[in-house]
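Undergrad: Fold the following.
(2 chains)
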There are 2 protein chains.
Amino acid sequence: MSGQENSLVNSTTRTQAPTPQQDSRLDYSAGTAFVEECYVPIRKACLPLLDWGFLRSDATYDVVHVWKGRFFRLQDHLDRFERSVTKLRLTLPYARDDIGRILCHCVRLSGLRDAYVEMICTRGVAPFGSRDPRQCRNRFFAFAIPFVWIVDPERQQRGINLTVSSVVRIPPQSVDPTVKNYHWGDFTRGLFEAFGRGGDTVVLVDLEGNVSEGPGFNVFAVIKAEVVTPGHTVLQGITQRTMQELCTEIGIPCRAATISPAELSQAEEVFLSSTAGGVMPATRVNGQPIGDGNPGPVTLQLRDRYWRRHEEGWHGTPIDYD
Amino acid sequence: MSGQENSLVNSTTRTQAPTPQQDSRLDYSAGTAFVEECYVPIRKACLPLLDWGFLRSDATYDVVHVWKGRFFRLQDHLDRFERSVTKLRLTLPYARDDIGRILCHCVRLSGLRDAYVEMICTRGVAPFGSRDPRQCRNRFFAFAIPFVWIVDPERQQRGINLTVSSVVRIPPQSVDPTVKNYHWGDFTRGLFEAFGRGGDTVVLVDLEGNVSEGPGFNVFAVIKAEVVTPGHTVLQGITQRTMQELCTEIGIPCRAATISPAELSQAEEVFLSSTAGGVMPATRVNGQPIGDGNPGPVTLQLRDRYWRRHEEGWHGTPIDYD
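TA: So this is what the prediction gives:
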C-alpha cells in the first residue's frame, strides 16, 4: 500500500459504501457500470430516456484512469468533479468517500489493471410537465472500461496529424469550459472536418481564432524552448497540470499562453495531454510536419517521465483486487 | 379523415412498419416510448449509458404535438428532423413512413388526445476504444407523453415574466442552431438566473447582445404595429413559421429582425411560440410590464386563431385510436 494518496480499500468508513448489488453469474470483464445502486456489466448499463442529462445535456462528469492497478490523481479528479457539480447547482446523492469506493468497486469487479473510469452526475428526471431543473432528483452513474487512448498507440507510432478546425469551441459566455461537460457538438463537427482532411484528430479555435482544445485533450506547443498551452476557453486538464509539474521537475519553463494556428504550425514541437492517453506527440499539423516530423525531445522526455512516475506510485491510489 | 395531410393509419405501406412489440399487461397511460423495436411504458424507457447521444450529446430530435387527436404539421416536423439528421451525418434506421407510424403508435398506445411527441436520432454506441463517430450504429428513439406547456397555463393566466439573460446562446460558429439539439447548458444557466430574478422563463442573447431564443421557444415582439422575431442564431421554429402564416392571414406584417433587449422591453407586445404551448403572451420583461401589463390584441388574435385553426383540422393528421 504505497502511493501519496490513501488507499480507498483500507478506509475505516468502508462499511458505509453503498451495498454492492451484483450478480455473480454475470460477466463484468468488459467493464462495469454503477447504475441505481447496482453494479451491472457495461453493455447492460442505461439511463432513463427522460433524464435531463440526456434530453438537455444537463450533466457533468470526470474521468480518472487506472494504470497498473493504481488510480492516478484520484483526489484531484474528485475535487474537480465536486466543483463541477456545485457550479451546475447539482447535488450528489453519495458522499465523496462513497464515490471513491464505487469507482474502486467498478474497477475491481472488471479486474481491469488499466482502466478508464468515469463518474457522472445528471440532473435526473423531472416531474411530468415541469420545465424547472430545481424539481429534479439528481443522479449518479459511474463506469470502468479498458483504458482508452485519444489516438490509438498504432497511429501515435506513425505520428498524430492534428487538424486545426474552423469550428469555434463553445465559448465561456455560453457554457463554462471549466465544468467538464458533454456539449461535444462542436468537437464532432470538427472531427468530421479533420477526417475529411486526412487528420487523426482535431483542435478547435476560440472566437478570436486562436487554438483552444480538442475532444478530450489539451494542446501544448514548444516554442522558443518554452512549453505553452492555451489557458482560456478550455478545460483545466489534470493531465495538463501534470505536464506543468513535470516541466518544473525537468527545469523547462511552462505557461499558459495564447497560441495562433500559425504559431502552432511553426512550433518546435506539438503534443496533446489527456487522461485518455497521457502525453501524445503530434508530428504534423494540418498535414505539414512539425520540426523534422518526428516526436521532439521535450515531448519524449515528458512522456517517459509521465509513465515512469506512474510506475513509482506518484499520485497513485492502489486498488485491492482481492 | 380530414386535414391537409394524409392519415398515417390508412397508408398502404402500413404493414412495413416495425412489428409492434408491446406487453398488454403494462400500463402505457402515462406515456409510451419506442426503444430498440419495443414499445415500453415511458417510465421504463432508457438508452445505453455509452450511447454518444448522451456521452457527447451527439443527437438530434424533433417534437410534434397532438391536439384533440390530430398531429399538427407532422410532415413539417419530419422534414426538419430528416434535415437535422443529414446535417449531423447520421443515418436513420427507419424510413420516414415507418417513423410516422411509430410516433402514431406511441400516441395510440397511451390513448393521449393531447400529446407531446418526440423523435430522436443518436450516434449510438462506439466500438470499445473508438473515438470515431463514423463507426457507430445510429439509433432511433421516440416517445409520447401528455401535452407539455413551456409555461403552465396557470402562470400564463397571470402573465409570463420573461427574463433577458446575460448568458449567450451557443453561437452558430460552434453548433448549428437550425439542427435541433440537446446542448442546453446555456439555457439551464439562464433559467437559474431567471428564477433568481423572479422570472418565469428566460431568453438568451447572441454574441452581439441581441435577443436570441429561449429554452424551447422563439420570441416575438410587436413593434410599431409590426410583428418581428429574431431570425439568426435561433432554431427555425415550426410554430414560429405558423405565426408568420397566421400574421399573413390576418394582414399584419411579420418579419425576421434584430431585436435589442431595450427594444424588447419597450415593445407594444411580446409573446413566445413553441410546439409546447403554441402562442404564449409575455406580459413582463425583466419584471417591467409590457404595454399595460396585459396580453395585447395582436397576441390574443394570433393565439385564438392558432387554436381555432387546429379545431378546423388545419395542417392536421388524424390518429386512429381504435
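Undergrad: Please count neighbours and contacts with C-alpha atoms only from this point.
TA: Noted.
Undergrad: Output the set of residues of the stretch 101-250 of chain A in proximity to chain B.
TA: A:129, A:131, A:133, A:146-151, A:167-171, A:173-175, A:182-186, A:188-189 (CA under 8 Å from any CA of the partner chain).
Undergrad: repeat that for 6 Å
TA: Within reach of chain B by CA under 6 Å from any CA of the partner chain, the stretch 101-250 of chain A has these residues: A:129, A:148, A:167-170, A:173-175, A:182-184, A:186.
Undergrad: Determine which two of the residues you listed are furthest apart.
TA: Largest separation among these by CA to CA: A:G129 and A:V148, giving 39.1 Å.
Undergrad: Comparing these two, which shows the higher neighbour count?
TA: Between A:G129 and A:V148, A:V148 has the larger neighbour count (other CA atoms under 10 Å in any protein chain shown), namely 19 against 16.
Undergrad: which residues sit in contact with the more buried one?
TA: Each residue near A:V148 by CA atoms under 6 Å, 6 or more residues apart in numbering or on different chains is listed here: A:276, B:129.
Undergrad: Surely A:E118 and A:T60 touch.
TA: No: if you go by CA atoms under 6 Å, A:E118 and A:T60 don't touch, sitting 10.5 Å apart.
Undergrad: The two: who's more crowded?
TA: Neighbour totals were compared for A:E118 and A:T60, and A:T60 leads with 24 against 18 (other CA under 10 Å).
Undergrad: Show the contacting residues for that one.
TA: Shown here is A:T60, whose contacts under the criterion CA under 6 Å, 6+ apart are A:120-121, A:180-181.
Undergrad: low-scoring pLDDT stretches of the stretch 1-150 of chain A, where are they?
TA: Within the stretch 1-150 of chain A, the segments meeting pLDDT under 70 span A:1-22.
Undergrad: Now do the strands in it.
TA: Taking DSSP state E, counting those that start in this stretch to define them, one finds strands in the stretch 1-150 of chain A at A:32-35, A:38-41, A:46-48, A:59-67, A:70-72, A:115-122, A:139-146.
Undergrad: Include distance to A:R305 when you put the ones you listed into TSV, please.
TA: Compiled in TSV, the strands of the stretch 1-150 of chain A are given as follows (distance: least, CA to CA, whole Å):
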stretch	distance to A:R305
strand A:32-35	31
strand A:38-41	35
strand A:46-48	38
strand A:59-67	14
strand A:70-72	14
strand A:115-122	20
strand A:139-146	23
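Undergrad: coming back round to it: buried ones from the contacts of A:T60, can you make that a ChimeraX selection?
TA: Per 16 or more other CA atoms under 10 Å in any protein chain shown, the buried members of the contacts of A:T60 correspond to this ChimeraX selection:
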select /A:120,121,180,181
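Undergrad: can you pick the most crowded of the residues of the stretch 101-250 of chain A next to chain B?
TA: A:R169 (32 neighbours).
Undergrad: Got phi/psi on that one?
TA: Main-chain dihedrals, A:R169, degrees, to the nearest 10: phi -60, psi 140.
Undergrad: residues contacting the residue of chain A positioned farthest from its centre?
TA: Within chain A, the residue lying farthest from the chain centre (CA atoms, centre = their mean) is A:G129, at 34.6 Å. Shown in contact with A:G129 (CA under 6 Å, 6+ apart): B:V148.
Undergrad: please redo it, this time with the cut-off set to 7 Å
TA: Shown in contact with A:G129 (CA atoms under 7 Å, 6 or more residues apart in numbering or on different chains): B:148-149.
Undergrad: same check, this time on A:H77
TA: A:62, A:64.
Undergrad: helix, strand or coil for the closest residue to chain B within the stretch 201-322 of chain A?
TA: Across the stretch 201-322 of chain A, no residue is closer to chain B than A:L207, which sits at 8.4 Å (CA to the nearest CA). Using DSSP: H, G, I helix; E, B strand; the rest coil, the secondary structure recorded for A:L207 is coil.
Undergrad: follow-up on the earlier one: Throw the contacts of A:T60 into JSON lines and include distance to A:V40, thanks.
TA: Formatted as JSON lines, those follow (distance: CA to CA, whole Å):
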{"residue": "A:I120", "distance to A:V40": "16"}
{"residue": "A:C121", "distance to A:V40": "18"}
{"residue": "A:K180", "distance to A:V40": "25"}
{"residue": "A:N181", "distance to A:V40": "24"}
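Undergrad: Nearest to chain B among the contacts of A:T60?
TA: If you rank the contacts of A:T60 by distance to chain B using CA to the nearest CA, A:N181 comes first, at 8.4 Å.
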